[in-house]
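>>> Could you look at this predicted model? Sequence included:
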Amino acid sequence: VQLQASGGGLLQPGGSLRLSCTASGRTSNTYRMGWFRQAPGKEREVVATIRWSAGSTSYSDSVKGRFAISRDNTKNTVDLQMNSLKPEDTAVYYCAAQRMFSNTWGSWGQGTLVTVSS
C-alpha cells in the first residue's frame, strides 16, 4: 500500500490542524493505520493508531484528549485531528500502515511538517 500524507503547516499554540493520509494500492489486507511523529533530535514515536476494520483507536499519553484519529474506509483515508496544539507537538508527522498477520509497520508516507510556534 502507498501512503500520501498532507495537511501540515505553521500555527500558533492552541490552534488546530487536520492531517490527512490517503492510501492507494492493496488496502484490503490492512490491519491498522497509524500516525507517528519525529521531532528534531528525537526518535520517531507513535501518536495514534486505528484498526482499519474495527475502528478502535489508541493514543499516546502526550496527545490523549487533544488529538483524534479517524478513518474512512470508502475513501481509504486516515485523518488526524489535532487540537490545543503545543510547541512540543512540533514534528514531522508520518502515516503508516500495518498489514494483517504482520507485527511491523510496513508502509510509510513521506511525512508532513507541523510547526507550533508563537
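Yep, it's here.
>>> what pairs with the residue nearest the centre of the chain across the strands?
Taking Cα atoms, centre = their mean, the centroid of the chain lies closest to residue 35, which sits 2.3 Å from it. Residue 35 forms beta bridges with residue 48, residue 95, as assigned by DSSP bridges.
>>> Near residue 111, how many residues? Count them for me, please.
16 (other Cβ atoms under 10 Å). The C-beta positions use only the backbone N, C-alpha and C, and glycine is treated the same way.
>>> Next up, the contacts around it.
Neighbouring residues of residue 111 by Cβ atoms under 8 Å, 6 or more residues apart in numbering: 5, 38, 92-94.
>>> Show me which parts of the strand or helix carrying residue 71 are buried, residue by residue.
Assigned by DSSP states H and E, residue 71 belongs to strand 67-72. Under the neighbour-count criterion of 16 or more other Cβ atoms under 10 Å, strand 67-72 has 67-69, 71 buried.
>>> by how many degrees do the helix or strand following that strand and strand 67-72 diverge?
Sequence-wise, the next helix or strand downstream of strand 67-72 (DSSP H and E) is strand 77-82. Relative orientation of strand 77-82 versus strand 67-72 (axes from the mean of the first three to the mean of the last three Cα atoms, to 10 degrees): 160 degrees.
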